[in-house]
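J.: sequence and computational prediction follow.
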There are 2 protein chains.
Amino acid sequence: MADNHRDDALIVFTPSGKRGRFPLGTPVLQAARALGVDIDSVCGGRAICGRCQVVPSIGDFAKHGITSKAEHLGPVTQVEVRYDEKRGLKAGRRLSCQTLIQGDCVIDVPPESQVHKQVVRKRAEVRDIKLDPVTRLYYIVVEEPDMHQPSSDLERVYDALRSQWGIEQVTCDLDIMRALQVALRKGEWRITVAIHHRMAGKVPRIVALWPGFHDRAFGMAVDVGSTTIAAHLCDLATGEIKASAGLMNPQIRFGEDLMSRVSYVMMNPGGDKEMTAAVREALNQLAREVAKEAQVEINEILEVVLVGNPVMHHLMLGIDPTELGGAPFALATGLAVTRPAREFDLELNNGAYVYVLPCIAGHVGADTAGVVLSESPHLSNEIMLVVDVGTNAEIVLGNKDRLLACSSPTGPAFEGAQISCGQRAAPGAIERIRINPETLEPRFKVIGCDKWSDEPGFEDEIASTGVTGICGSGIIEVIAEMYLAGIINQDGMFDGSFAERSPRVVQTGRTFTYVIREGEPLISITQNDVRAIQLAKAALYAGVQLLMDKLELKSVDTIRLAGAFGSHIDVKYAMILGLIPDCDLKHVHSAGNAAGTGARIALLNTAGRDEIEQVVRRIEKIETAVEPMFQQHFVEAMAIPHKTASFPNLSTEVTLPQTKEIFAVNADGSEGRQRRRRRG
Amino acid sequence: MADNHRDDALIVFTPSGKRGRFPLGTPVLQAARALGVDIDSVCGGRAICGRCQVVPSIGDFAKHGITSKAEHLGPVTQVEVRYDEKRGLKAGRRLSCQTLIQGDCVIDVPPESQVHKQVVRKRAEVRDIKLDPVTRLYYIVVEEPDMHQPSSDLERVYDALRSQWGIEQVTCDLDIMRALQVALRKGEWRITVAIHHRMAGKVPRIVALWPGFHDRAFGMAVDVGSTTIAAHLCDLATGEIKASAGLMNPQIRFGEDLMSRVSYVMMNPGGDKEMTAAVREALNQLAREVAKEAQVEINEILEVVLVGNPVMHHLMLGIDPTELGGAPFALATGLAVTRPAREFDLELNNGAYVYVLPCIAGHVGADTAGVVLSESPHLSNEIMLVVDVGTNAEIVLGNKDRLLACSSPTGPAFEGAQISCGQRAAPGAIERIRINPETLEPRFKVIGCDKWSDEPGFEDEIASTGVTGICGSGIIEVIAEMYLAGIINQDGMFDGSFAERSPRVVQTGRTFTYVIREGEPLISITQNDVRAIQLAKAALYAGVQLLMDKLELKSVDTIRLAGAFGSHIDVKYAMILGLIPDCDLKHVHSAGNAAGTGARIALLNTAGRDEIEQVVRRIEKIETAVEPMFQQHFVEAMAIPHKTASFPNLSTEVTLPQTKEIFAVNADGSEGRQRRRRRG
């Protein structure tokens, strides 16, 4: 098929399969661009950035109908040799900007040379992130001033962006105008500009510049929780996480939970400003930490994406959250916000921008929007239930056709608060527990120790921390196991007769207590503890049931449990207790810190921002406080398990994706027993 | 033509003549809007603002084909009665939002009820300003939050703007989000928002808000000169100037003229920041002054428009002007700038915006852009020469087809600097002078005194100030009169023989001096003074000639002299001296502070901003320093009058529009003499 007499040649790019004929002598990068092949470049074809590397494929390509020969590309240039010496070029690779077409050729664009490369997520059941950040770098060569054609430096920068990158209309801030002349002269009329492509009105904006060539740009995705703040620093060119860090939210000194912080503002005029300053300082501290860890200059951070619950959202934005403290729980704004980072007092690149995801409703915040973006129920054909359990539980239910959201007032029991021996997940906390249904003896695992409590050497290993309490996942398990062992009944009441069977069940006044571990501190579960968990789980389930009613559903196809609690609980026990509705356990997944992942998607993918803004707009917001059925569902869901539950799959082996723990449900025979009880 | 059986009626609006049929019961305002009739309203038809007043025209209107009867409009409503009691309603006027159509009617919209009213300029030869400010007020009634339909307060504000004003897409800053909830509750869900309609990307932005109804909005137009800063406060609803104030530019302490200020920056790192702070503080001071004078709250100022020469432009923006101090005189940016006033450290409404007009070139600034917008050579069919004389002369020449601009280095002689007895225009300065060609005796007028020096009582009237020097217009006249009297020749050299004719001509060393007034101080004109004016006028004329060459012109149709100098000089003498080219004196006008007027147009008229940005882009920028012909023209223009000049109209009576002084050229016979000399 090769035609030696033609003065053009057929070029096929893989993996896209895009093909076209080009005059001999055309640089491969230029051909790729003409065909819309996705090849990266910061330097605009000047052999500086090395992002446009390609691999010529040599051989007969019957399916493409061409014979690709090495000599069909121009010889390796001096420029490429110098690039190889300076920055290294893998064998077989060429810089597409320097490689001239001399005949038919098949050219492969490796993933790392693609602008829109996929950032692979670790979880199998979710989609990957397509890299397409809002802020990108452009190296330009600017015309020098000419008194015969007077024009300003900025106009010549705009001209360069137009002619060298096809960017037609641009704006910039005063700071850029101020820095421009020195940078142009220092860089000898070569500069790199960072352009933010997602401004209101769609006019791209120059947000940063460097003299000469600069190809490092980073962004930070932050999940601002009421308790902890977690940040990831990402390379905007690769999508890689370069560093991560977490902090306690310093607002804790104003109140442990959200409502006590809102109360603080109500009682202390200006208190919101103190809390805004505190959270912003924490963001600055995190930025410094991740930048240091990743060896990144703080002014190379050009983007920040923030998620948080509505109160955190308002405080980050500097908005008084008082209105969120009482009905009708009106958000000041639920819309996504794109504003300069300096307006948030963030000390990053002076042109850095913050993007805050939209809030869904007064109780369903930008963190839940992040969860939605991460788990994508809006793209699902099947009915997906997404639950993010914290102090409240945010619940999203639906599929690509319809999506509902609400927040359910679970209270902090699932986090170990309001439980007599409850504590946060930390070394010394019981996180797993099994109760022998015959002897009522417990065995348990403690955070920070690999052994179960009945294994030899356990006491030695925990000597340093001791056993200090029970964290959320442990509480779920112990209540479920107490139920499976018959210590408590469906109504959550202790069976007093068990006090005669075992010293583990102790009468205390008019109620009973189950003792897990004697000593100091005494670890036990009281009737009040059981009641607290019942209330919490009833609230959660009632919220889920409310949304299921709206969609007229009896069951859901798939469940995603987000947040720290969702990552650590054993879904089997969640189902035994009746936290979640009927669903094949194979399709119940922990989503990890899905809110943070959503923030990272919005950081790396422009379309992700459009997507979540559109999705949030069409989510139907349900306020449980005004739904008469919520109370009824709540009352009904107090029982263990909830009265409508069935357990279709509790006998199968299930995998918790995050913890990779595999457990067989029937290991201790509990499944049979539990079935018996349901029938009875 | 009236048809009593129809259930609709014909309505004709005057003066627009727009007409249409509407169902009986339609409010007149609604009918007007449906027809696109220009009727103002801030309250959106709620009988609060009173801006929508109309005058029903009663009678037979044959030309419109209808009979308009009083009873064809619904009776005056209680709402109108209340409005009349509270705010007053002129007899015969109705609030169009409350007046219902009951039959055919002719309705007049008086000028003050039109949104786009004309702001009448005082000068006859220029166009009026169409009122259409960038920032407008909108009163809205916002839905209260509803837990059954949760949405954020901001989203409901956007909904109200959409449904009540048809404004589809809006954004706002964090500050608005912060202030919104309190304002909504204080105003009981009624607020007034100010919207800026000219953001990059065309998405309107809420920049300010008030609880309840608010209908006051002001803007400030400022001409930032190197010597003085002049501000006008305008009512954005009427276009009226409510107050004016001026200040010396405090940067003078860093250097009298522009180049010495640029030198200060070069010698003192950070000196630009000092000067930026100084000019911004002056702007704040002016804002406080005009606000106080007009009894306006400082936070009712929502807009500022700034003009200034390139160095002032850069310093106002906080840009180091060093590059403007030497070739190639590269502007950092020449583009128009729209940025929040707080970025300029201006203490106005927190959401106020600054608009800075574009610069034309490194020596032709935003002030000249203002002059162009005011004088509109780009709309002229005839060839117009616009000259703004300051320390340099900015020259614009052309018509609607082609426009050229340059700056000519006249130096400050025209402002009285570099002249032995020169001074700024201030009481005590000689501003007019005549020399008797026979006796060589002068008679003159002094600023602050109505009498000529040879009139009785002159000495008494000037006793308080004395005669302190000669200002720019006086210098032009004295040199021209000296030439007409023969004291100096065409080359500007003193004729030594005159020393024998009169004691007014005195030999001083190898040169001569013309003594205007003996005493302390001695007021006289030296050979060096004549030379300084020759250099200045030659520079000006050479610049004009250069542009005339480019357009292949021998004369121009009309001349506008802008700036203080242009307002005060007698154009006849300007022509005698050869400052300006051939032109019918009837068509030579003073443009007053045209730069400031241009700023005012940009303040009041959105389209004016688009217009000047487009015009500046197409102006051909000429840099005199690289034009070989400039030197030649300069040398040739040293003679008095310039060698190519003719004086076609010096015998007619001419009127200086600004000063309204009428003078006959031939009053002292000088015209005949001058003609003789030209022939000789």
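T.: Received the coordinates, thanks.

J.: which non-adjacent residue is nearest A:H64?
T.: Of all residues not flanking A:H64 in the chain, A:V12 sits nearest, at 4.6 Å (Cβ to Cβ, 6 or more residues apart in numbering or on different chains). Every residue, glycine included, has its C-beta placed from N, CA and C.

J.: burial count for whichever residue of chain A sits closest to chain B?
T.: At 1.4 Å from chain B, A:G201 is the closest residue in chain A, using Cβ to the nearest Cβ. By the criterion of other Cβ atoms under 10 Å in any protein chain shown, A:G201 has 15 neighbours.

J.: what's the closest residue to it other than its chain neighbours sitting at in phi/psi?
T.: Once flanking residues are discounted, A:G201 sits nearest to B:G201: 1.4 Å by Cβ to Cβ, 6+ apart. Dihedral pair for B:G201: phi 90, psi 0, per degrees, to the nearest 10.

J.: give me the pLDDT for B:G201.
T.: pLDDT, B:G201: 88.

J.: and it, what does it touch?
T.: A:199-203 (Cβ atoms under 8 Å, 6 or more residues apart in numbering or on different chains).

J.: A:F218 bridge partners, please.
T.: A:F218 has the following beta-bridge partners by DSSP bridges: A:D235, A:I301.

J.: okay, it and A:A62: tell me how far apart.
T.: Per Cβ to Cβ, to the nearest Å, A:F218 is found 45 Å from A:A62.

J.: looking at the two, which is more packed in?
T.: For A:F218 versus A:A62, neighbours defined as other Cβ under 10 Å are more numerous around A:F218 (29 against 9).

J.: what's the distance between that one and B:D38?
T.: When A:F218 is compared with B:D38 (using Cβ to Cβ), they lie 52 Å apart.

J.: what does A:V203 give?
T.: Using Cβ to Cβ, one gets 30 Å for the distance from A:V203 to B:D38.

J.: do A:T276 as well
T.: According to Cβ to Cβ, A:T276 and B:D38 sit 45 Å apart.

J.: the two: who's more crowded?
T.: Per other Cβ under 10 Å, whichever of A:T276 and B:D38 has more neighbours is A:T276, with 22 against 17.

J.: I figured the more buried one hits A:M312, correct?
T.: No - contact criterion Cβ atoms under 8 Å: A:T276 and A:M312 do not qualify, at 10.3 Å.

J.: and the residue nearest to A:H64, what element?
T.: Mapping A:V12 onto the secondary structure by DSSP states H and E places it in strand A:8-14.

J.: that strand packs against which elements?
T.: Applying 3 or more Cβ pairs under 8 Å, 6 or more residues apart in numbering or on different chains; DSSP states H and E, we find strand A:8-14 packed against strand A:19-23, helix A:28-35, strand A:66-68, strand A:105-108.

J.: mind listing what's buried in the first one?
T.: This means strand A:19-23. Neighbour counts over strand A:19-23 (16 or more other Cβ atoms under 10 Å in any protein chain shown) mark A:19-20, A:22 as buried.

J.: same check on stretch A:283-294?
T.: For stretch A:283-294, by 16+ other Cβ under 10 Å, it's A:283-284, A:286-287, A:289-291, A:294.

J.: and chain B, which of these reach it?
T.: Subset of the buried residues of stretch A:283-294 in contact with chain B: empty, counting by Cβ under 8 Å from any Cβ of the partner chain.

J.: ok, back up a step: surely the residue nearest to A:H64 and A:K63 touch.
T.: No - here A:V12 lies out of contact with A:K63, judged by Cβ under 8 Å, at a distance of 9.4 Å.

J.: the two - which one has more neighbours?
T.: Per other Cβ under 10 Å, whichever of A:V12 and A:K63 has more neighbours is A:V12, with 22 against 9.

J.: quick check, pLDDT for the more buried one.
T.: So, for A:V12, pLDDT stands at 95.

J.: what's near enough to touch it?
T.: Residues near A:V12 by Cβ under 8 Å, 6+ apart: A:18-19, A:61, A:64, A:66, A:68, A:105-107.

J.: what bits of the stretch 401-550 of chain A have low per-residue confidence?
T.: By pLDDT under 70, the stretch 401-550 of chain A has no low-scoring segment.

J.: okay, strands next: where are they in it?
T.: For the stretch 401-550 of chain A, applying DSSP state E, counting those that start in this stretch gives strands covering A:403-408, A:429-435, A:442-446, A:469-470, A:505-508, A:511-517, A:523-526.

J.: mind checking how far A:Q78 is from A:A47?
T.: A:Q78 sits 10 Å away from A:A47, taking Cβ to Cβ as the criterion.

J.: residues contacting the closest residue to A:I195 other than its chain neighbours?
T.: Once flanking residues are discounted, A:I195 sits nearest to A:P204: 4.9 Å by Cβ to Cβ, 6+ apart. Each residue near A:P204 by Cβ under 8 Å, 6+ apart is listed here: A:167, A:169-171, A:195-197.
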